[in-house]
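1. structural data only, the sequence is not supplied:
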Ligand code: WT7
């Protein structure tokens, strides 16, 4: 089977099952109070749809649903048909009405050291004001709002205000470029853009509003830009278009009556990289999405209302921030930390200081950060009292066993269970993960599909593979938080996810995976042209088109090469146009800057090599696998299908 051999991740080296994998059974003390019990799996096995109907009762429905799942229009699902709810009501008002308005929802920790606690009552006030402002701006249910903001409470308030009004938000990571923002605004035809004057990054105020000005220039759909003053740096405000948050939202009425929306009302669009250059606008809807976000947050993180202090270190620009900072946790009445900055600002102690200060008990982060902590050295976390931690989570890429063990020992006091959670922007919520208190875990394995979720590992012919065999990960049954399509391109939706196994009707996840001898599931990394850099999904062709956008570049090929810290690093090979002078380091720096400008600094190649030719098959396809071998310093395998095998000598000659 070739899929595992092609799997992209650092996994090839690092996350393979150990010969004798160590097993970490749950402690009896943890099991005794765990939210999840064995009945979950039993109920899901007995009647999957009844199981999900029961989970949906975690939410408040203004009108009950009449059918759990309508799959008659597959692959577009309808969950909780006929049900009506308001997502923001579920995340905010409900807790206030239940008498918990004084509970802290958000401990905000600004990068420069400013702090702010928002109770659920405060959140209700803020969200109501924002909703009143958005209505005053003429926005109506179904309109799209682009959100381009750092991790400040107003970003979360904006998302919830959209949800409250039935506006579909599209959060664009504030590290993305103006041109990336523009293409997302255009694709979704956003009417409002919410942003900030600037953001704090490593002690500096970095302007953000100028990128918005660039992005919205000539953007036909945009009527208004709403600006939160975060840093106080000077910005231009366009008359009639731009509005300050403090002149509008802060002065608006703080009462707002939420209206219910259909369970299938679109809640958000989130763009993610696919195998082609154009990002896909993944569509998520309301009732099913919130049900699964809430269910997984409760059971996978064992979240105890009123006791735990939860911290998910993601950014709202990614799906993890949507599902595990905003919707899942807030629907469960969480008390959580929201931190604006980088982990080493002002120094490497910052995360551990925050854990200590707020008594964080559940800490959810990415393997790349764990490996960074390892590099900084354990004396840094060891200088802090981290005894409040009782559960750790990992997401974004396979976690190598070494990092897993370090995480548990150094951050988790050798007792905290680790939940390695596999999911995707498309799945909306966690799909494969251990259940703390139930699952005996193996370092590096995501273990098993959650109760209610069904996955298979298959080969090209849809044959289910046995333990020990690597194949493609597919999801063979619809799930509540599944994507409902790609914005404006339903053909691409069918083609990307559902055309691999049309007869079976399986969702193709794009990851390689295997079950080991004991039936534990190991995710092996992407099997397509999608790279995973620090848990960020970047397509090779996206970077290639940015490089070719430079006047000096005729052709470019990009691969992800294993990287100790970031999982994968981006390695590019470029051919220059006739007559273009290779100025060496200057040219390379210019090309890197071009990618940062076109996409984002996170997409900047680690290495760019100017080459005279690229290895291609006789049919003209660039042989990325061979370039990857070169980038990772491996011996080349079979090059017999190449047009001219000698190109490698030329590339190596560099
Ligand atoms: C891809 C999805 C889910 C939120 C963050 C990323 C990889 C994600 C794991 C994990 C191994 C993982 C997969 C997946 N991935 N979590 N626990 N173990 N791989 O969301 O940007 O949509 O990327 O991230 O390759 O397909 P995303």
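-> Looks like it came in fine. In this text, all values refer to a predicted model and were calculated from it rather than measured experimentally.
2. show me what the longest helix along the chain is in contact with.
-> Longest helix in the chain by number of residues (criterion: DSSP state H): helix 120-136. Here helix 120-136 makes contact (Cβ atoms under 8 Å, 6 or more residues apart in numbering) with 88, 92-93, 95-96, 100-103, 105-106, 118, 145, 153-154, 157-158, 160-162, 164-165, 167, 192, 226, 248-250, 252-256, 258, 330, 333. No exception for glycine: its C-beta is placed from N, CA and C like everyone else's.
3. ok, now with 7 Å
-> Applying Cβ atoms under 7 Å, 6 or more residues apart in numbering, the contact partners of helix 120-136 are 88, 92-93, 95-96, 100-103, 105, 157-158, 160-161, 164-165, 167, 192, 248-250, 252-256.
4. buried residues in it?
-> Under the neighbour-count criterion of 16 or more other Cβ atoms under 10 Å, helix 120-136 has 120-135 buried.
5. what's the next helix or strand after that helix packed up against?
-> Next along the chain after helix 120-136, taking DSSP states H and E as the criterion, comes strand 144-148. Where contact means 3 or more Cβ pairs under 7 Å, 6 or more residues apart in numbering; DSSP states H and E, strand 144-148 is packed against helix 153-165, strand 168-171, helix 178-188, strand 192-196.
6. how many neighbours does the closest residue to the ligand within the stretch 101-250 of the chain have?
-> Nearest residue of the stretch 101-250 of the chain to the ligand: residue 173, at 10.8 Å (Cβ to the nearest ligand atom). Applying other Cβ atoms under 10 Å, we find 22 residues neighbouring residue 173.
7. average pLDDT across the longest helix of the chain?
-> Mean pLDDT, computed over helix 120-136, is 98.
8. tell me the pLDDT of whichever residue of the stretch 551-654 of the chain sits closest to the ligand.
-> Closest approach between the stretch 551-654 of the chain and the ligand, counting by Cβ to the nearest ligand atom: residue 567, at 9.1 Å. With respect to pLDDT, residue 567 has a value of 92.
9. could you say which helix or strand contains residue 374?
-> Residue-wise, residue 374 maps onto helix 367-376 under DSSP H and E.
10. distance of residue 112 relative to residue 352?
-> 19 Å (Cβ to Cβ, to the nearest Å).
11. what does residue 90 give?
-> 33 Å.
12. neighbour count for these two, which is higher?
-> The neighbour comparison of residue 90 against residue 352 (other Cβ under 10 Å) goes to residue 90, with 25 against 20.
13. helix/strand/coil for that one?
-> Secondary structure, DSSP: H, G, I helix; E, B strand; the rest coil: residue 90 is helix.
14. for it, give me the pLDDT.
-> On the pLDDT scale, residue 90 gets 98.
15. now residue 529
-> Reading off the model, residue 529 has pLDDT 86.
16. touching, it and residue 275? I think so.
-> Yes: at 4.7 Å, residue 529 counts as touching residue 275 under the criterion of Cβ atoms under 7 Å.
17. common neighbours of those two, please.
-> Common neighbours of residue 529 and residue 275 (Cβ under 7 Å, 6+ apart) are 539, 541.
18. which residues does residue 468 contact?
-> Here residue 468 is in contact with 514, 516-517 (Cβ under 7 Å, 6+ apart).
19. so how do I select the buried members of those in PyMOL?
-> The buried subset of those, as determined by 16+ other Cβ under 10 Å, is captured in PyMOL by this line:
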select buried, resi 514+516
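20. which among the contacts of residue 468 gets closest to the ligand?
-> residue 514 (12.3 Å).
21. so the residue in the chain sticking out farthest from the centre versus residue 631, what's the distance?
-> For the chain, the residue at maximal distance from the C-alpha centroid (Cα atoms, centre = their mean) is residue 579, at 42.2 Å. Taking Cβ to Cβ as the measure, residue 579 falls 28 Å from residue 631.
22. cool, residue 99 as well?
-> In terms of Cβ to Cβ, residue 99 sits 58 Å off from residue 631.
23. which of these two has more neighbours?
-> Neighbour count, other Cβ under 10 Å: between residue 99 and residue 631, residue 631 has more, with 23 against 8.
24. pretty sure the more buried one is touching residue 562, no?
-> No: assessed by Cβ under 7 Å, residue 631 is found out of contact with residue 562, at 8.7 Å.
25. tell me the helices in the stretch 1-150 of the chain, going along the chain?
-> 3-6, 11-14, 28-33, 39-46, 48-56, 87-88, 94-95, 120-136 (DSSP state H, counting those that start in this stretch).
26. could you give the angle of the last one to helix 153-165?
-> The directions of helix 120-136 and helix 153-165 differ by 60 degrees, with axes from the mean of the first three to the mean of the last three Cα atoms, to 10 degrees as the criterion.
27. ok, and the closest non-adjacent residue to residue 452?
-> residue 44 (4.5 Å; Cβ to Cβ, 6 or more residues apart in numbering).
28. sorry, back to before: got the buried residues for the next helix or strand after the helix holding residue 374?
-> Remark: after helix 367-376, the chain's next helix or strand is helix 379-382, criterion DSSP H and E. Within helix 379-382, the residues that qualify as buried by neighbour count (16+ other Cβ under 10 Å) are 380-381.
29. other residues contacting helix 379-382?
-> By Cβ under 7 Å, 6+ apart, helix 379-382 touches 348-349, 352, 373, 410-411.
30. mind checking which of the residues you listed land in helices?
-> 352, 373.
31. so which residues on this protein come close to the ligand?
-> 272, 318-320, 395-398, 420-425, 446, 509-511, 523, 526, 532, 535, 537 (Cβ under 6 Å from any ligand atom).
32. re the thing from before, could you export the contacts of residue 468 as TSV, including pLDDT?
-> Shown next, in TSV, are those (pLDDT from 0 to 100):
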residue	pLDDT
514	96
516	95
517	93
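33. show me the contacts of residue 468 that map onto strands.
-> residue 514 (DSSP state E).
34. any chance of the contacts of residue 468 in JSON lines, with distance to residue 385 too?
-> Below are those laid out as JSON lines (distance: Cβ to Cβ, whole Å):
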{"residue": "514", "distance to residue 385": "40"}
{"residue": "516", "distance to residue 385": "37"}
{"residue": "517", "distance to residue 385": "40"}
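35. nearest to residue 178 among the contacts of residue 468?
-> Nearest to residue 178 among the contacts of residue 468: residue 514, at 42.0 Å, using Cβ to Cβ.
36. got the contact list for the closest one?
-> Counted by Cβ under 7 Å, 6+ apart, residue 514 has contacts 4, 457, 468-471, 522, 524.
37. rewinding a little: so the longest helix of the chain versus strand 144-148, what angle?
-> 120 degrees.
38. could you give the angle of helix 120-136 to strand 192-196?
-> Angle of helix 120-136 versus strand 192-196, following the same axes, to 10 degrees, is 130 degrees.
39. any idea which residue of the stretch 251-400 of the chain lies closest to the ligand?
-> residue 398 (4.0 Å).
40. and that residue, how far from residue 367?
-> For residue 398, the distance to residue 367 - Cβ to Cβ - is 7 Å.
41. residue 424 belongs to a strand?
-> No: counting by three-state DSSP, residue 424 falls outside a strand, being coil.
42. look up the closest residue to it, ignoring the ones flanking it.
-> residue 509 (6.6 Å).
43. number of nearby residues for that neighbour?
-> Neighbour tally, residue 509, other Cβ under 10 Å: 25.
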